[in-house]
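1. Curious how this folds, go ahead:
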Amino acid sequence: MKTIREIANELGVDKQKVYRFIKQNHINEAHHEALQRSGVKYYDEAAETLIKQGFLEGTASSEAHHEAHQNRINEAVFDAVVEMLQKELEIKNEQIRELNERLSECSSALLAAQQTAQAAQALHAGTIQQQIIGDADDSALEQPEKTMEMIVEKKGWLSRLFGK
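-> Next up is the predicted model:
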């Protein structure tokens with residue numbers, strides 16, 4: 001025969017828990033006159049077994065309930081994280097789309113600027129060529145001897161360079 005305190009110690013729980021379990025489940029103490037005089041309630045092996053089973057089942061049930069509750073919390077957190085990540089991914093995809101549009105606009109603007117620069121260079125080169133031709137024509141008309149000297153001088157320089 002054991003007391004509530006001894007049963008509680010074996011179970012590793014507070015004696016108040018054991019006392020409440022005994023009251024809720026209407027478990028009677030052992031009736032032995034010599035034991036009842038001390039005022040301490042003793043419980044026989046059948047009562048002890050019933051109490052221990054109740055706590056073990058309660059513990060297992062409590063653990064299963066706790067595990068199920070924890071799983072629901074984990075699933076809720078997982079779902080929330082997945083939803084948040086999907087929203088972030090949508091935002092990033094939109095940002096990438098906008099950046100690609102800007103890049104396309106910049107590429108088009110760059111191509112147009114390059115074409116304009118080439119046209120300006122061609123126009124400038126044409127203008128310079130016309131000035132050279134115009135200047136050469138004017139100077140040839142004004143000073144034919146000097147123009148011929150320039151041609152001969154250029155030819156002489158090239159001849160010296162290539163040895164001809």
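
2. so how far is Q114 from L103?
-> 16 Å (C-beta to C-beta, to the nearest Å). Placement of C-beta: from N, CA and C, glycine included.

3. same deal with V77?
-> Counting by C-beta to C-beta, the separation of V77 from Q114 is 54 Å.

4. Touching, E48 and I4? I think so.
-> No - with contacts counted by C-beta atoms under 8 Å, E48 stays clear of I4, the gap being 10.2 Å.

5. Tell me how many other residues crowd R72.
-> 10 (other C-beta atoms under 10 Å).

6. That one: helix or strand, and which one exactly?
-> Assigned by DSSP states H and E, R72 belongs to helix 45-142.

7. and what of V13?
-> Using DSSP H and E, V13 sits in no helix or strand.

8. residues contacting the spatially closest residue to it that is not a sequence neighbour?
-> Distance criterion C-beta to C-beta, 6 or more residues apart in numbering; nearest residue to V13, sequence neighbours excluded, is F55 at 6.6 Å. Residues in contact with F55 (C-beta atoms under 8 Å, 6 or more residues apart in numbering) are 11, 13, 17-18, 21.

9. Any figure for the gap between F55 and E48?
-> On the measure of C-beta to C-beta, F55 and E48 end up 11 Å apart.

10. Please apply the same query to Q114.
-> For Q114, the distance to E48 - C-beta to C-beta - is 96 Å.

11. Comparing the two, which residue is more hemmed in?
-> Neighbour count, other C-beta under 10 Å: between Q114 and E48, E48 has more, with 18 against 10.

12. and I7, how many neighbours does it have?
-> Number of residues near I7 (other C-beta under 10 Å) recorded here: 21.

13. next one: A47
-> 20.

14. correct me, but it touches F21?
-> No - applying C-beta under 8 Å, one finds A47 not in contact with F21, separated by 11.0 Å.

15. overlap in contacts of the two?
-> Shared between the contact lists of A47 and F21 (criterion: C-beta under 8 Å, 6+ apart) are residues I27.

16. low pLDDT regions in the chain?
-> The chain contains residues with pLDDT under 70 at 31-38, 58-66, 135-164.

17. So for it, the centremost residue is which one?
-> L85 (7.1 Å; C-alpha atoms, centre = their mean).

18. Quick one: residues contacting that residue.
-> L85 sits next to no residue when contact means C-beta under 8 Å, 6+ apart.

19. how near is A80 to E88?
-> Taking C-beta to C-beta, one finds A80 at 13 Å from E88.

20. I meant to write N25 there.
-> Remark: distance between N25 and E88 (C-beta to C-beta) = 54 Å.
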